[in-house]
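Asks: Here is my input, please return the structure:
(2 chains)
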There are 2 protein chains.
Amino acid sequence: MYSELFGQMKKQLRQLDRWLEAARSFAEAKSFDSKVFLELRLAPDQFAFAKQVQTACDTARVAAARLTGKEAPAQPEMEPTLEALRARVQDAVAYLDGLTSADFDGGATRVITQPRWEGKTMTGADYFLEHALPNFFFHLTHSYAILRHSGVKLGKRDYLGALSQKAAP
Amino acid sequence: MYSELFGQMKKQLRQLDRWLEAARSFAEAKSFDSKVFLELRLAPDQFAFAKQVQTACDTARVAAARLTGKEAPAQPEMEPTLEALRARVQDAVAYLDGLTSADFDGGATRVITQPRWEGKTMTGADYFLEHALPNFFFHLTHSYAILRHSGVKLGKRDYLGALSQKAAP
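Replies: A predicted model of the protein is given here:
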C-alpha cells in the first residue's frame, strides 16, 4: 500500500504547486513582491512559508528513498523565489513518479535511521506511519494555512484536488 | 494496513487531547477564559478552532465506520467548552479502540457515498486515501496551527508523540 500512499502524497504535492501559482497571481493582482510570502509564518518559532514547502517536498522524497532503499538525489541550495519553490515541488513529484510499486517491496521491514536519532532505529513501517506521513501533512497543511491566513483565495477543493468518484448509475 | 493507519490517527487524536490541555493551562496562566480559543480561526472563511477539532474527530470516526461497514454512533450537540472538545476527542479514540484489524477486511472495495456527493460513489480505497486521510490531517494540523499562532507552547514532539524507536545496539 506504500505505493498508493506515496501516490496520494504526489497528488498533494501537485495541489501544492497550484497553491504556489495562486500565491503568485495574488501578489500580482495586489501589486506586491511575491517574495514576501517566503518569510511569512504563523508563529515566530515556526518555519516560514518557504521552509514549510521545502520540508513537505523533502519529507516525501526522503521517505520514498528510505523505504525503497534508493538514494534521494541531493537538492541544491534554493534561490529564494516562488518559482524556485515550484521547481522544488516538481522535482519531488518527478522523483516519486520514477518509483514503481515493486520498489516498495520489503519497505516495511527496512531499518531506518537518521543522524538526529543518535543511533536509534525504526522499522520502515513505523517510520512511515509515525514520522513521514504525519510530518508530510504537517508541513503541507502549514503551507496551505499560511497562504489562507494571508488572504490567498484557496478552498478545500484546492487542498484535496479531484476525487476518483464514479457517476451515479 | 487500514488498521495501522487508523491506529496512527488514534495516536494523533491522543496528541490533540494534550494540545487541548496545553490550551487550558495557557489560558489559566494568562488569566483569560479558555472559551476564547473556540472561536479563533486563521482566516475569516475557515472553520474556527472548535470546529477544526470536531471535524478531525468526526473524519476519523466516520471513515472508520464507513470502511468497516459499521454505524458510527451519533454525536450529540456539543457544549461549547474545551472540556467538551476533549470529551469529543476521547469518544473518537474509544470508538477506534473498539475496532479490530479484521473489521477492516474488505474495506478497500466497499462502495462509499455521502449526501453531498449527489449519488456519486468512491471505492473504500480511494475514499480513504483521497478524502479521509488528507481531511483528517488537514483539520488536525489546523487545530495545532491555531494554538501555535495564539502562543500556546507546543512543538513538533507534541505533534508527533513518542516514536517506536529501538535503542542503538
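Asks: mind listing what's buried in the helix ranked longest in chain A?
Replies: Looking across chain A with DSSP state H, the single longest helix is helix A:2-30. Across helix A:2-30, burial judged by 16 or more other Cβ atoms under 10 Å in any protein chain shown covers A:2-13, A:15-17, A:19-20, A:23-24, A:26-27. All C-beta atoms are positioned from the backbone trio N, CA, C, and that covers glycine.
Asks: Could you list every helix and strand in contact with that helix?
Replies: helix A:49-68, helix A:82-97, helix A:133-149, helix A:156-160, helix B:133-149 (3 or more Cβ pairs under 8 Å, 6 or more residues apart in numbering or on different chains; DSSP states H and E).
Asks: B:Thr55: which of those helices is closest?
Replies: Nearest to B:Thr55 among these is helix B:133-149; the distance by Cβ to Cβ comes to 4.3 Å.
Asks: what's the spacing between the closest one and its chain's center?
Replies: 9 Å (Cα atoms, centre = their mean, to the nearest Å).
Asks: Wondering if that helix reaches chain A at all.
Replies: Yes. Helix B:133-149 lies within reach of chain A by Cβ under 8 Å from any Cβ of the partner chain, at B:Leu133, B:Pro134, B:Asn135, B:Phe137, B:Phe138, B:Leu140, B:Thr141, B:His142, B:Tyr144, B:Ala145, B:Arg148, B:His149.
Asks: Tell me how many other residues crowd the last one.
Replies: One way to gauge burial is a neighbour count; for B:His149, by other Cβ atoms under 10 Å in any protein chain shown, it gives 17.
Asks: Would you confirm that it contacts A:Leu42?
Replies: Yes. Here B:His149 reaches A:Leu42: they are 4.5 Å apart, a contact under Cβ atoms under 8 Å.
Asks: Find residues that contact each of the two.
Replies: A:His149, B:Leu42 (Cβ atoms under 8 Å, 6 or more residues apart in numbering or on different chains).
Asks: Spatially central, which residue of chain A would that be?
Replies: The centroid of chain A falls nearest to A:Ala56 when counting by Cα atoms, centre = their mean (3.0 Å).
Asks: which ones are touching it?
Replies: A:Leu13, A:Leu16, A:Phe136, A:His139, A:Leu140, A:Ser143.
Asks: Over to A:Met9?
Replies: A:Ala60, A:Leu96, A:Phe136.
Asks: isn't A:Ala50 right up against A:Arg41?
Replies: No. With contact defined as Cβ under 8 Å, A:Ala50 does not reach A:Arg41; the gap is 9.7 Å.
Asks: Give the closest residue to A:Thr68 in space, chain neighbours not counted.
Replies: Leaving out its chain neighbours, the residue that sits closest to A:Thr68 by Cβ to Cβ, 6 or more residues apart in numbering or on different chains is A:Asp103, at 4.2 Å.
Asks: With A:Pro73 instead?
Replies: Nearest to A:Pro73 is A:Tyr95, by Cβ to Cβ, 6+ apart, at 6.8 Å.
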